[in-house]
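**Student:** Mind folding the following:
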Amino acid sequence: MMTEQLSKDENLSGWINGFIGVVLFSGGLPATKLAVMEMSPTFVTIVRAAVAGVLALLVLWIGKEKRPVKNQLVPLLLVSIGCVIGFPLLSALALQYLTSAHSIVFLGMLPLATAVFGVFRGGERPHPAFWLFSVTGSVLVIGYAVAQGISASPVGDILMLLAIILCGMGYAEGAKLSKTLGGWQVISWALVLALPVMIPLFFIYLPDDIGAVSARGWFGMGYISLFSMFIGFIFWYKGLAQGGIATVGQLQLLQPFFGLGLAAYFLHEQVSLGMIGVTIGVILCVAGTKRFAK
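**Tutor:** Okay, here's the model as predicted:
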């Protein structure tokens, strides 16, 4: 009985931590849009990884954390490729071709990508009804974008799709590794692995007119460096490890709508009543995936 209660408490904690992570991640694409409006996508990717990497190294040093063992290095490298380099770079490049709203809609596919990698790499086996709710939620999000008649760019769409695939891989690998290495330790070591590459690239890609960047541009850069690249992952990986990759990963279905709300506030994009209706449908899908996750 006590074991069952502990399991329920851990599952609830997983959803809470996962939700906090999603809220923090939601500002990522709008903030990236602010940054790439004034700086190149490559430089933005380098800075966010370098700043977060230095912060992670400092935290690891203060906490005197043990180094990863040999068999943890490959999963950490995959996290680094997917979450530190792949998604940030590809999404930043995509924002040169897409509006913030259009790019955010692709995040609706992220829970499905995370769940698929969780099945193949994490050994999870959700109930068939789980997949029904997951796919339905993804279709609702994508269908919402199509209904809005947002103009699309094939190049931007392909870049965002690749970004989602790499991010799903990174999420699943990180969640699996979190069970043995710890949630914040995973993203910290992944950032540290990329640091020897990012620091030299920072000076190579440093633009001559860096002083001309406005406060809005630096705000966007600061947000994605601290919250999207580091702090958000601490809650996210802990939540995935506690509640399950495929299960808690479905909270990402809410991320597009949080992101659109932030985009409306900071980028003055319109938020329609249709978004509210679809949000309710997505919340129901998240509830369904939670019910049939095990």
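
**Student:** Contact partners for residue 71?
**Tutor:** With contact set as C-beta atoms under 8 Å, 6 or more residues apart in numbering, residue 71 has no partners. In this view, the C-beta of every residue, glycine as well, is placed from N, C-alpha and C.

**Student:** now the one 5 residues further on
**Tutor:** Remark: with contacts taken as C-beta under 8 Å, 6+ apart, residue 76 is in contact with 68, 177, 186, 189, 190, 193.

**Student:** do residue 190 as well
**Tutor:** Per C-beta under 8 Å, 6+ apart, neighbours of residue 190: 76, 77, 79, 80, 83, 84, 174.

**Student:** With distance to residue 288 added, can I get the residues you listed in a markdown table?
**Tutor:** Below are those laid out as a markdown table (distance: C-beta to C-beta, whole Å):
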| residue | distance to residue 288 |
| --- | --- |
| 76 | 33 |
| 77 | 35 |
| 79 | 29 |
| 80 | 33 |
| 83 | 27 |
| 84 | 32 |
| 174 | 25 |
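
**Student:** Take those residues and write them to JSON lines, including pLDDT.
**Tutor:** Output for the contacts of residue 190, formatted as JSON lines (pLDDT from 0 to 100):
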{"residue": "76", "pLDDT": "95"}
{"residue": "77", "pLDDT": "95"}
{"residue": "79", "pLDDT": "94"}
{"residue": "80", "pLDDT": "96"}
{"residue": "83", "pLDDT": "93"}
{"residue": "84", "pLDDT": "95"}
{"residue": "174", "pLDDT": "87"}
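
**Student:** Quick check on the residues you listed: which are buried?
**Tutor:** Listed as buried from the contacts of residue 190 are 76, 77, 79, 80, 83, 84, 174; burial here means 16 or more other C-beta atoms under 10 Å.

**Student:** now stretch 279-294: mean pLDDT?
**Tutor:** Averaging pLDDT along stretch 279-294 yields 73.

**Student:** can you pull the buried residues of that stretch?
**Tutor:** Quick answer for stretch 279-294 (16+ other C-beta under 10 Å): 279, 281, 282, 285, 286, 288, 289, 290, 292, 293.

**Student:** try stretch 96-113
**Tutor:** For stretch 96-113, by 16+ other C-beta under 10 Å, it's 97-113.

**Student:** roughly how far is that stretch from the heart of the chain?
**Tutor:** Distance of stretch 96-113 from the chain centroid (C-alpha atoms, centre = their mean, to the nearest Å) equals 11 Å.

**Student:** Can you give me the end-to-end span of that stretch?
**Tutor:** 24 Å (C-alpha to C-alpha, to the nearest Å).

**Student:** out of the contacts of residue 76, who's nearest residue 27?
**Tutor:** Of all the contacts of residue 76, residue 190 has the smallest distance to residue 27: 20.7 Å, by C-beta to C-beta.

**Student:** Residue 40 - how many residues pack around it?
**Tutor:** 15 (other C-beta atoms under 10 Å).

**Student:** Next: residue 213.
**Tutor:** Residue 213 has 16 neighbouring residues, counting by other C-beta under 10 Å.

**Student:** now the nearest residue to it once chain neighbours are set aside: how far from residue 225?
**Tutor:** Leaving aside its sequence neighbours, residue 213 sits nearest to residue 38 (C-beta to C-beta, 6 or more residues apart in numbering; 5.0 Å). From residue 38 over to residue 225 the distance is 15 Å, taken as C-beta to C-beta, to the nearest Å.

**Student:** of those two, who's got more company?
**Tutor:** More crowded of residue 38 and residue 225, by other C-beta under 10 Å: residue 225, with 23 against 18.

**Student:** show me what contacts the more buried one?
**Tutor:** Contacts of residue 225 (C-beta under 8 Å, 6+ apart): 47, 48, 51, 52.

**Student:** List just the nearest of the residues you listed to residue 263.
**Tutor:** Distance to residue 263, by C-beta to C-beta, is smallest for residue 48 among these, at 18.5 Å.

**Student:** Verify the contact between the closest one and residue 223 for me.
**Tutor:** No. Residue 48 is beyond contact range of residue 223, at 9.3 Å (criterion: C-beta atoms under 8 Å).

**Student:** Between those two, tell me which one has more neighbours.
**Tutor:** Using other C-beta under 10 Å as the criterion, residue 48 and residue 223 rank with residue 48 on top: 30 against 22.
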